[in-house]
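**Q** what's the 3D shape of this:
(4 chains)
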Number of protein chains: 2
Amino acid sequence: MRTHQVVSAWLEQELAAGRLAIGSRLPGERSMAEQLGISRASVREGTRVLEALGVVRAGVGSGPQAGTIITGNPAVALDSALRLHVASAHLPVKDIVETRLLLEAWAAEHAWRGSPALERAARLLDEMDEPDGDDAGPGSFLERDALFHVALAEAAGNVLVGAMMGSLRGSIAAYTQRLTADLPDWGSTSDRLRHEHRAILAAIVAGEGRRAAGLVRDHIERFYRESGVHDQHPEG
Amino acid sequence: MRTHQVVSAWLEQELAAGRLAIGSRLPGERSMAEQLGISRASVREGTRVLEALGVVRAGVGSGPQAGTIITGNPAVALDSALRLHVASAHLPVKDIVETRLLLEAWAAEHAWRGSPALERAARLLDEMDEPDGDDAGPGSFLERDALFHVALAEAAGNVLVGAMMGSLRGSIAAYTQRLTADLPDWGSTSDRLRHEHRAILAAIVAGEGRRAAGLVRDHIERFYRESGVHDQHPEG
DNA sequence: TACGGCGTGTGGTCCGACCACACAAGATAG
DNA sequence: CTATCTTGTGTGGTCGGACCACACGCCGTA
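**A** Numbers count the residues shown, from 1 in each chain, chains lettered A, B, ... in the order given. All right, here's what the predicted structure looks like:
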């Protein structure tokens, strides 16, 4: 086993044994190096990995935000991973759209009606109704659009599904931005999107899961069809 | 931006520009440190992250396997990530089962009939028919069981879905192992699993996607119901 | 021609040093 | 006595240099 993996192996043990939990602070790098019998450089490599995986968060200085603290954020793991894999053209945009469709339709169908995520989604829709005051173009609209869809995914109460959609957000924002640039009439398109968003949320709140899932599917598919995503290359 | 992130940022640029691709070899750590104007320690932290994300693979010595080489393996990213997040009890087993159900049902419905993954799946089924010669108990059976399900997921031709199932494999193997220990009659259960596997694969090959999806759903759900997974805690 | 030792470049690990930072306790000025 | 400033301490962040094990390919040797 490579030396830096000692850190994650140790952390996994501590977590399983209940000696550490989310929110706990890890020993300092110097102290951990001594405890584990490895160098500080290796401890740091191990910590970097944990950080990339969204398991810990490192902060300098002193105080509550300082030190290396255990978090539970699986989304950051995929966020950066997806960026790289998309960049390497190993991950076609088509697959991302497909996966998004899959996750969101499922989430819409299984959404928990009392989820606070739905309230967040509703707030986002209200904000999207206000004309983009200062910012130009569809920038902040699409930002909230992506967040709205992530909120829907989280409403199903499945951490994994929520995390996966959360990490897709970055990729989604990237190409929706690109696609809207080619649209001839953004005004009417955004109006339609607004309307469809309302319909989706209403269906979920009304408990009509299957119908909501269908609406989500149409919503996403139509947008990509109109934008002609199928003609574009990942690096476009 | 933290220094070690210079590496992933640089790599992303190189990939996007087409100067690097999967299979390419990165410059040596020492040379890269000089090029990027950072220390070798930071380069190493950066490559450790890339390695954890499944973007590169590092090998010592010389020859074709040596050096840091770009791979496209998103699955390894989640594999370790899931282990840690499950250990931290941040990720309930219920969510994993649910996600598995979601991914596999979709994959069964969208499987590409000519996929080589289906041939692999068929071979695995044949191997599972042979009574576990030397190994005791359901060990290698469950191993192949998990691989069979991953193969089905890959048959849909979606890299992301395949990668997600691949990284779930570790977690799945962990608790199926645990659950089968409590089963009163493993012999009859494994017979039923074998039969269901055949039926699923046959439905896919016959092009009856929807029916295959239903079979998959029943297959997974029944197993977990019988095993009483709902009564178990993540750390069980 | 076949074999064996050696050079070279790779990542892997370690050490020791210094930096920027953020808080807390003490010293200081009002 | 209070408010402010200074200093101390511990944190992660970065750096340069050193040595190791490894695996290959070259080259001298038998």
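
**Q** the residue of chain A found nearest DNA strand D: neighbour count?
**A** In chain A, the residue that lies nearest DNA strand D is residue A:28 (3.4 Å; Cβ to the nearest atom of the strand). No exception for glycine: its C-beta is placed from N, CA and C like everyone else's. Residues within reach of residue A:28, counting by other Cβ atoms under 10 Å in any protein chain shown, total 13.

**Q** just residue A:6 next, same as before
**A** Other residues near residue A:6 come to 17 when the count uses other Cβ under 10 Å.

**Q** ok so, going back, which residues touch the residue nearest to the residue of chain A closest to DNA strand D when sequence neighbours are not counted?
**A** Ranked by Cβ to Cβ, 6 or more residues apart in numbering or on different chains and with sequence neighbours excluded, the top spatial neighbour of residue A:28 is residue A:67, at 7.1 Å. Contact analysis of residue A:67 by Cβ atoms under 8 Å, 6 or more residues apart in numbering or on different chains lists A:25, A:26, A:28, A:58, A:59.

**Q** do I have it right that the last one meets residue A:66?
**A** Yes. Residue A:59 lies in contact with residue A:66 (Cβ atoms under 8 Å); the separation is 5.0 Å.

**Q** against DNA strand C, how distant is residue A:109?
**A** With distances taken as Cβ to the nearest atom of the strand, to the nearest Å, residue A:109 is found 44 Å from DNA strand C.

**Q** can you state the direction angle for the top helix by length along chain A and helix B:159-180?
**A** Using DSSP state H to define each element, chain A has its longest helix at helix A:159-180. Here the directions of helix A:159-180 and helix B:159-180 differ by 180 degrees (axes from the mean of the first three to the mean of the last three Cα atoms, to 10 degrees).

**Q** which elements pack onto helix A:159-180?
**A** Helix A:159-180 is packed against helix A:74-87, helix A:93-110, helix A:139-154, helix A:209-227, helix B:93-110, with contacts defined by 3 or more Cβ pairs under 8 Å, 6 or more residues apart in numbering or on different chains; DSSP states H and E.

**Q** in it, what counts as buried?
**A** Across helix A:159-180, burial judged by 16 or more other Cβ atoms under 10 Å in any protein chain shown covers A:159-176, A:179-180.

**Q** what angle do it and helix A:93-110 make?
**A** Orientation check (the same axes, to 10 degrees): helix A:159-180 against helix A:93-110 gives 130 degrees.

**Q** and whichever helix or strand comes after helix A:159-180, how far out from the chain middle?
**A** Sequence-wise, the next helix or strand downstream of helix A:159-180 (DSSP states H and E) is helix A:186-205. Using Cα atoms, centre = their mean, to the nearest Å, the distance from the centre of helix A:186-205 to the centre of the chain it belongs to is 21 Å.

**Q** could you do stretch A:144-151 as well?
**A** 10 Å.

**Q** same check, this time on stretch A:36-49
**A** Using Cα atoms, centre = their mean, the mean C-alpha position of stretch A:36-49 is found 28 Å from that of the whole chain.

**Q** just the buried positions in it, please.
**A** Within stretch A:36-49, the residues that count as buried by 16+ other Cβ under 10 Å are A:36, A:38, A:42, A:43, A:44, A:45, A:46, A:47, A:48, A:49.

**Q** ok, is it in contact with chain B or not?
**A** Yes. Counting by Cβ under 8 Å from any Cβ of the partner chain, chain B has neighbours in stretch A:36-49: A:41, A:44, A:45, A:48, A:49.

**Q** report the central residue of chain A.
**A** In chain A, the residue lying closest to the centroid (Cα atoms, centre = their mean) is residue A:166, at 1.2 Å.

**Q** number of nearby residues for the closest residue to it other than its chain neighbours?
**A** Distance criterion Cβ to Cβ, 6+ apart; nearest residue to residue A:166, sequence neighbours excluded, is residue A:75 at 3.7 Å. By other Cβ under 10 Å, 19 other residues sit near residue A:75.

**Q** end to end on stretch A:59-72, go ahead and measure it.
**A** Using Cα to Cα, to the nearest Å, one end of stretch A:59-72 lies 16 Å from the other.
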